[in-house]
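Peer 1: What follows is a predicted structure for the sequence shown.
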Amino acid sequence: MRDFVKGILFDLGGVVIDWNPRHLYAKVFGENISRMDYFLNNVCPLEWNERQDAGRPLSIATEERVREFPDWELEIRAYYGRWQEMIGGDIPGVAALLGELKRGGIRLFGLSNWSLETFPLVSSRFLALSSFERIFLSGEARLAKPDPRFYEYALQRIDLPREQLLFVDDNARNVSAARSLNIPSVCFTNIEQLREDLSRSGI
């Protein structure tokens, strides 16, 4: 391992844990994929969910959305009412990699857009989360990626310079934001690609 890489900041949803609203809404909409796509793109898009990730109460967000889209009330209430059904399990291979990195002396941190209301529903289910020295949640900071202030919030609480960190996220937008702050970063697609990226980084 190269000396200058001392720690890795991992996104959680989509990198460590398979979180995807489609896991739930495939059940809600069945074979009507076009209707599901419309709902997830226009009624409850990811941008809407990110507002709750940054600390907005789920109940307030739900009632507001129902008032705005009354014809979709059942589907809207399912978003947080059946939220746990959006969890598909571990991202294959990542938990083992985290263990290897930790044993190799790399410090591990989480940096995730995640509501404080929903994170406790999964935090005890995934052993991989115990590999992290600290997890920084948007709901705690009341800031969400790609807001530069959320990255800085975490950096101020990690006793390593940003040049000795590597940031891993499955969202290219978040990776770009980290790079603009001079945080070395890679975009996650799968475990094989991540291992290659880490090897190129000297890990």
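Peer 2: Thanks, I have the structure now. Residues are numbered from 1 along each chain as shown.

Peer 1: Helices of the chain, start to end?
Peer 2: 21-29, 33-38, 46-53, 58-68, 73-81, 94-103, 138-141, 148-155, 172-180, 191-200 (DSSP state H).

Peer 1: For D11, find the nearest of those helices.
Peer 2: helix 172-180 (6.9 Å; CB to CB). In short, each C-beta sits where N, CA and C put it, glycine included.

Peer 1: Send me that closest one as PDB with only the CA atoms.
Peer 2: Below are the C-alpha coordinates for helix 172-180, written out as PDB (Å, rounded to 0.1, in the frame of the first residue of the first chain):
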ATOM      1  CA  ALA A 172     -20.900  10.600 -10.900                       C
ATOM      2  CA  ARG A 173     -22.300  14.000  -9.700                       C
ATOM      3  CA  ASN A 174     -21.000  13.300  -6.200                       C
ATOM      4  CA  VAL A 175     -17.600  12.200  -7.400                       C
ATOM      5  CA  SER A 176     -17.300  15.300  -9.500                       C
ATOM      6  CA  ALA A 177     -18.100  17.500  -6.400                       C
ATOM      7  CA  ALA A 178     -15.500  15.700  -4.300                       C
ATOM      8  CA  ARG A 179     -12.900  16.100  -7.000                       C
ATOM      9  CA  SER A 180     -13.600  19.800  -7.100                       C
END
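
Peer 1: Let's test this: mean pLDDT of that helix, rounded?
Peer 2: The average pLDDT within helix 172-180 is 97.

Peer 1: buried set for it?
Peer 2: 174-175, 177-178 (16 or more other CB atoms under 10 Å).

Peer 1: ok, now stretch 17-24?
Peer 2: For stretch 17-24, by 16+ other CB under 10 Å, it's 17-19, 21, 24.

Peer 1: re the thing from before, distance to Q52 added to the buried residues of helix 172-180, as a markdown table?
Peer 2: Formatted as a markdown table, those follow (distance: CB to CB, whole Å):
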| residue | distance to Q52 |
| --- | --- |
| N174 | 17 |
| V175 | 23 |
| A177 | 20 |
| A178 | 22 |
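
Peer 1: just for this structure, where's the confidence low?
Peer 2: 1-3 (pLDDT under 70).

Peer 1: Let me see the domain layout of it.
Peer 2: 7-18+89-200, 19-87 (automatic domain parsing).

Peer 1: Please work out which of those domains is packed deepest.
Peer 2: domain 7-18+89-200 (a mean of 17; mean count of other CB atoms under 10 Å).

Peer 1: residues contacting the closest residue to G139 other than its chain neighbours?
Peer 2: Distances taken as CB to CB, 6 or more residues apart in numbering place L116 nearest to G139, at 3.6 Å, with adjacent residues excluded. Going by CB atoms under 8 Å, 6 or more residues apart in numbering, L116 touches 55, 137, 139-140.
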